[in-house]
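In: heads up, no residue letters with this:
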Ligand SMILES: [Zn+2]
């Protein structure tokens, strides 16, 4: 029997506000432990929360960008549980009436081939169940401090930082679809400027629900939750492991137990964290210290009007306007900085194809070696465009351009300055090239004889020699023309 996985994701994204969700404390990452705290986020008796308007605006932006319907009235609720990093004894979240519901995203998702490459990318729609706001818990520290062998510490700087939780429908049928969706979600949040998308620092966190069922069945199997998947790679590996594990259990006639599991990277497997019986009962109830969150439809419309061009539409526009393939457009829109760089270079150089090739090839390689991202590239898009123009006009060859590019990376100088300083301009002067060719023909009588006997392929050899003689600076087209002219005289044709 064939089985298919059914996967849904719950993603927590930290909003990029300066202050916390219900108090004025700073959200700065890496501040001295427990310095960004006050009576509100410490949950001291009598302290009252006040909603951060900027956080609501960011959450609304995210919800709209994910196609959600915004509830004009949403309700904050207490999610009760005890944990040392949760001084209030509850998180303020949203339960019955979240900020946004019933969204949908269209993602260019592919299939992973045996070799690990992604093939056959096409548009797939995935449903978003809900997007709600909540405040974050603090952080327990169990290592990195000398006496953590006997003690644990708690840092409450993160307590009260605004989050949105984005819950997808169980729409993914492969780990690759889940991976592509999470990538799309991350990029969308980056475009909106509402989250930095940094999984390592925990500003984007992912839990997955996964079950398997006989292919073609419309009944859902028993699901397992995998928590704290803090990288894209771990998400994919954990899902693949669970698909195989659950399929094997069912194939052998066993049953899947509903439980929460964690991914163990060193052992390459998931293991049980807690069973269904140990699951929390959060005893949600409406937060008595906060009024329902009532949003003015005119304000929602204004936020919607101010949304930037989102990755999906931008990608489709790039494919159309610049004749890019799906894969190239996906890469060139993978961050707002990348998309802006590409578009500027393509416009100035008037050569979208060459711009794409150089950005995805030489520039990407140089940035990787320098440990830089495109936003701090030492070569501005205008300079790369200028280099492409010198190739286009024949001032330098594509090969010489590689040398100029390396020098641009090294010095940060403009291409024109480098070409003139290093004397790299292409030689198109017929007299000097004619002299070079005469010299080569005289120096290679054997090949010349071959040409005369009809082996016209030898022409390529002469062109190569001329390029070598001029250190790659000869204009190959003119060399070709001159050679053909001279050789046709030679052979009397
Ligand atoms: Zn505070």
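Out: Looks like it arrived, so ask away. Owing to the predicted nature of the structure, the values given are computational and were not obtained by experimental measurement.

In: can you pull out the strands in the stretch 1-150 of the chain?
Out: With DSSP state E, counting those that start in this stretch, the ranges of strands along the stretch 1-150 of the chain come out as 3-14, 69-70, 73-74, 76-80, 90-94, 100-112, 118-135, 139-141.

In: in its sheet, what does the second one sit against?
Out: Meaning strand 69-70. Strand 69-70 pairs in its sheet with strand 100-112 (antiparallel), by DSSP bridges.

In: in the strand it pairs with, what counts as buried?
Out: 100, 101, 103, 105, 107, 108, 109, 110, 112 (16 or more other C-beta atoms under 10 Å). C-beta here means a position set from N, CA and C on the backbone, and glycine is covered the same way.

In: coming back round to it: the strands of the stretch 1-150 of the chain into JSON lines, with extra columns for mean pLDDT and distance to the ion?
Out: Shown next, in JSON lines, are these (pLDDT from 0 to 100; distance: least, C-beta to the ion, whole Å):
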{"stretch": "strand 3-14", "mean pLDDT": "96", "distance to the ion": "16"}
{"stretch": "strand 69-70", "mean pLDDT": "97", "distance to the ion": "27"}
{"stretch": "strand 73-74", "mean pLDDT": "96", "distance to the ion": "22"}
{"stretch": "strand 76-80", "mean pLDDT": "96", "distance to the ion": "17"}
{"stretch": "strand 90-94", "mean pLDDT": "96", "distance to the ion": "13"}
{"stretch": "strand 100-112", "mean pLDDT": "94", "distance to the ion": "26"}
{"stretch": "strand 118-135", "mean pLDDT": "94", "distance to the ion": "10"}
{"stretch": "strand 139-141", "mean pLDDT": "90", "distance to the ion": "15"}
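
In: In a markdown table: those strands, plus distance to residue 316.
Out: Formatted as a markdown table, these follow (distance: least, C-beta to C-beta, whole Å):
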| stretch | distance to residue 316 |
| --- | --- |
| strand 3-14 | 24 |
| strand 69-70 | 23 |
| strand 73-74 | 32 |
| strand 76-80 | 37 |
| strand 90-94 | 33 |
| strand 100-112 | 9 |
| strand 118-135 | 9 |
| strand 139-141 | 40 |
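
In: Please list the residues of this structure that sit near the ion.
Out: Proximity of the chain to the ion (C-beta under 5 Å from the ion) is limited to residues 23, 25, 38, 40, 41.

In: any idea how far the first one is from residue 176?
Out: With distances taken as C-beta to C-beta, to the nearest Å, residue 23 is found 41 Å from residue 176.

In: same check, this time on the fourth one
Out: Shown here: residue 40 relative to residue 176, a distance of 43 Å by C-beta to C-beta.

In: Of those two, give the one with the bigger neighbour count.
Out: The residue with more neighbours, out of residue 40 and residue 176, is residue 40; 22 against 17, by other C-beta atoms under 10 Å.

In: and the closest residue to residue 153 other than its chain neighbours, what is it in contact with?
Out: Distances taken as C-beta to C-beta, 6 or more residues apart in numbering put residue 141 closest to residue 153, at 4.2 Å, once the chain neighbours are dropped. Each residue near residue 141 by C-beta atoms under 8 Å, 6 or more residues apart in numbering is listed here: 148, 152, 153, 154, 155.

In: Phi, psi for the residue nearest to the second one when sequence neighbours are not counted please.
Out: When you say that, I think you mean residue 152. Distance criterion C-beta to C-beta, 6+ apart; nearest residue to residue 152, sequence neighbours excluded, is residue 142 at 5.2 Å. According to degrees, to the nearest 10, the main-chain angles of residue 142 amount to phi -110, psi 0.

In: Quick check: the farthest pair among the residues of the chain next to the ion?
Out: The most widely separated members of those are 25 and 40, with 7.8 Å between them, by C-beta to C-beta.

In: Give me the common contacts of those two.
Out: When C-beta under 8 Å, 6+ apart defines a contact, the residues bordering residue 25 and residue 40 alike are residue 160.

In: Quick check, residue 103 in contact with residue 70.
Out: No. In this structure, residue 103 is not within contact of residue 70 by C-beta atoms under 8 Å, at 10.0 Å.

In: any shared contact partners between the two?
Out: Common neighbours of residue 103 and residue 70 are listed as residue 63 (criterion: C-beta under 8 Å, 6+ apart).

In: Of all the helices and strands in the chain, which has the lowest average confidence?
Out: In the chain, no helix or strand scores lower on mean pLDDT, DSSP states H and E than helix 476-490, which sits at a mean of 81.
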